[in-house]
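A.B. asks: what follows is a predicted protein model with its sequence.
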Amino acid sequence: MEKIDFRSDTLTKPTDEMRRAMSEASVGDDVYKEDPTINKLENLASKIVGKEEALFVPSGTMGNQLALLTHTNRGEEIILEEWSHIYRFEVGGLSFLSGLQAKPIKGENGIMELKDIKREIIKDNDIHHAQTSLICMENTHNMAGGVVTPLKRMEEIYNLAKDNEIKVHLDGARMFNASIYLDTDIKEITNKTDSVMFCLSKGLSAPVGSILAGDKDFIKKARRYRKMLGGGMRQAGILAAAGIISLNNMVDRLKLDNENIKLLADKLSNIKSIDVKTPQTNILMIDVSKSKFSSEEVIDKLKDKGILTSKITNNIIRFVTHRHISKEDILYSTDIFNKIIK
Ligand code: TLP
């Protein structure tokens, strides 16, 4: 039976066009900056996001961790949302690698309030206090269910950071889903942060890789840290070739993923025993606490019918739409879901 895999958009496989480009890619040693395909991808990415330079990295996690290492010094504080990927899902790298102390803030639907950030900023030179050096945003916010931080809020946070001489990093793993939702150029998002990481390997379908972008000095330093962490990938132009196609040809189709998740939510919203939030982009969280099942039980029953989803908590199941999920898959899955939950 063909599986319908809603676990993550990380599951997308490279397109035929990507596979062809990968097999034909010109390559060189990227540690010497001599891989023409990586150089092309980094130039293209920096132009698209409107930053001086960009760096190709093996994963979103490495991109975020490089940003932390580059922007901060050991013993400083970083402010971020309490369910952010950097805080919850990067293996404690912020303390292990960068020696940072986290000031997690409870967001409203994943979106941090200005007053909460203000309260946590420490810039007082008191000998006892760790000083704040970085604020991280996540747009779209994964655990809130693909929620988009409005541009106005991003701008307010950025301005607050600048007033306090604090750097800002954006975990924009799925930021193109956000720009499509907002119907705006990606630069309207990336001009409200000093550095940005986004993933080529999620909805954009590349097999591997993310981009970290920022100013020249930032990328110079991040490149050294990438080498330190073992991310100097030599003839990785083979991978970058797919990333170029992600940026040139795969961004617009994210609209479909955003639409498909709405269809999924619509079809499930009339089931009384579950709570379905209105989705904005390609992630939907479903709360089954009012039903007679735990999330694990529902996930197992769906799995028996070839539908794969992820457990977030005992009550919450995550669905993610991507290139391999069609409207028919959604109609089939919602039909099965209906039968299971009744
Ligand atoms: N998210 C993955 C899992 O790690 C949870 C997923 O399936 O959603 N930032 C955000 C907001 C992410 O959602 C992810 C991956 C990353 C960073 C890390 O990217 P990778 O997996 O390339 O290290």
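C.D. replies: Yep, it's here.
A.B. asks: how much space between Y158 and K192?
C.D. replies: 4 Å (CB to CB, to the nearest Å). The C-beta positions use only the backbone N, C-alpha and C, and glycine is treated the same way.
A.B. asks: which residues do the two both contact?
C.D. replies: V168 (CB atoms under 8 Å, 6 or more residues apart in numbering).
A.B. asks: quick one: which of those two has more around it?
C.D. replies: Neighbours were tallied for Y158 and for K192 using other CB atoms under 10 Å; the higher tally belongs to K192 (23 against 19).
A.B. asks: okay, the more buried one: pLDDT?
C.D. replies: pLDDT recorded at K192 is 98.
A.B. asks: helix, strand or coil for it?
C.D. replies: coil (DSSP: H, G, I helix; E, B strand; the rest coil).
A.B. asks: show me what contacts it?
C.D. replies: K192 neighbours (CB under 8 Å, 6+ apart): L151, M154, E155, I157, Y158, V168, L170.
A.B. asks: could you look up the SS state of the last one?
C.D. replies: In this case it means L170. Once three-state DSSP is applied, L170 turns out strand.
A.B. asks: mind starting the numbering at 33 from now?
C.D. replies: Got it, the first residue is 33 from now on, which makes the last one we talked about L202.
A.B. asks: contact partners for the nearest residue to it once chain neighbours are set aside?
C.D. replies: Take L202 and drop its neighbours on the chain: the residue closest to it by CB to CB, 6 or more residues apart in numbering is T225, 4.0 Å away. When contacts are counted by CB under 8 Å, 6+ apart, T225 touches M169, M186, Y190, V200, H201, L202.
A.B. asks: what ranges do the helices span in the stretch 233-374 of the chain?
C.D. replies: Counting by DSSP state H, counting those that start in this stretch, the stretch 233-374 of the chain has helices at residues 248-260, 269-281, 286-300, 327-336, 359-373.
A.B. asks: check what pLDDT the closest residue in space to M33 that isn't next to it in sequence gets.
C.D. replies: The spatial neighbour of M33 that comes closest, neighbours along the chain excluded (CB to CB, 6+ apart), is G338 at 4.5 Å. Among the per-residue scores, G338 holds a pLDDT of 97.
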